[in-house]
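Undergrad: Have a look at this prediction, sequence included:
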Amino acid sequence: MTTPTSQASGPGALTVRAVRGAVQVASDDPALIEQATGDLLGEILRRNGLGDADLISIVFTTTHDLRSAFPAAAARKLGLTDVPLLCTAEIAVPGSLHRVVRILAHVHSRRPREAMHHVYLGGAAALRPDLGAPAPTSDVPLPQGA
């Protein structure tokens, strides 16, 4: 039996974490989907102190009303060419928020699970008001390739 890396090296060891996020897009327009996806991904990386080398994989979902572009294509344009990306459809639950791109990113991090910052931008903040803490202030630029 092997010991997980996070336990093998003690507190602060590099481990796998998942970070979530969502953004509402104004309309089903490829440029708007690309911009919103880039903004969301950039904010997830920034708030969690992550660079593109920390990314393991990203799953993108879109609501049924966003069909004109793949969010993963926006990530590729940001330079994430060697990160496995997957796009899929969110289930269409009656009364759910429209025009939403969601991200589930698997990353390498030294942060404990409770210290990961999940990001909900614009109208998507209504999806998780419990995570609506204000963004940490930082003058740090986006990591290279993000």
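TA: All right, it came through fine.
Undergrad: so how far is the longest helix along the chain off the chain centroid?
TA: Taking DSSP state H as the assignment, the helix of the chain that covers the most residues is helix 30-47. Remark: helix 30-47 is offset 8 Å from the chain centroid, using C-alpha atoms, centre = their mean, to the nearest Å.
Undergrad: Give me the helices and strands touching that helix, please.
TA: strand 15-24, strand 55-62, helix 71-77, strand 100-109, strand 119-121 (3 or more C-beta pairs under 8 Å, 6 or more residues apart in numbering; DSSP states H and E). (Each C-beta comes from the backbone N, C-alpha and C, glycine too.)
Undergrad: which neighbours does the first one have in its sheet, and in what orientation?
TA: For strand 15-24, sheet partners with direction are given as strand 100-109 (antiparallel), strand 119-121 (parallel), following DSSP bridges.
Undergrad: Residue 95 versus the residue most central in space within the chain, what's the distance?
TA: Among the residues of the chain, the one closest to the centroid is residue 103, at 4.1 Å (C-alpha atoms, centre = their mean). Note on residue 103: its distance to residue 95, by C-beta to C-beta, to the nearest Å, is 22 Å.
Undergrad: returning to what we had before: same list (the strands paired with strand 15-24) but as CSV, adding mean pLDDT and distance to residue 20.
TA: Shown next, in CSV, are these (pLDDT from 0 to 100; distance: least, C-beta to C-beta, whole Å):
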stretch, mean pLDDT, distance to residue 20
strand 100-109, 98, 6
strand 119-121, 97, 8
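Undergrad: Would you format those strands as JSON lines with distance to residue 38 included?
TA: As requested, the strands paired with strand 15-24 are arranged in JSON lines below (distance: least, C-beta to C-beta, whole Å):
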{"stretch": "strand 100-109", "distance to residue 38": "10"}
{"stretch": "strand 119-121", "distance to residue 38": "11"}
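Undergrad: need the contact list for the residue nearest to the centre of the chain.
TA: Applying C-beta atoms under 8 Å, 6 or more residues apart in numbering to residue 103 gives the contacts 19, 20, 21, 22, 37, 40, 41, 44, 58, 59, 60, 71.
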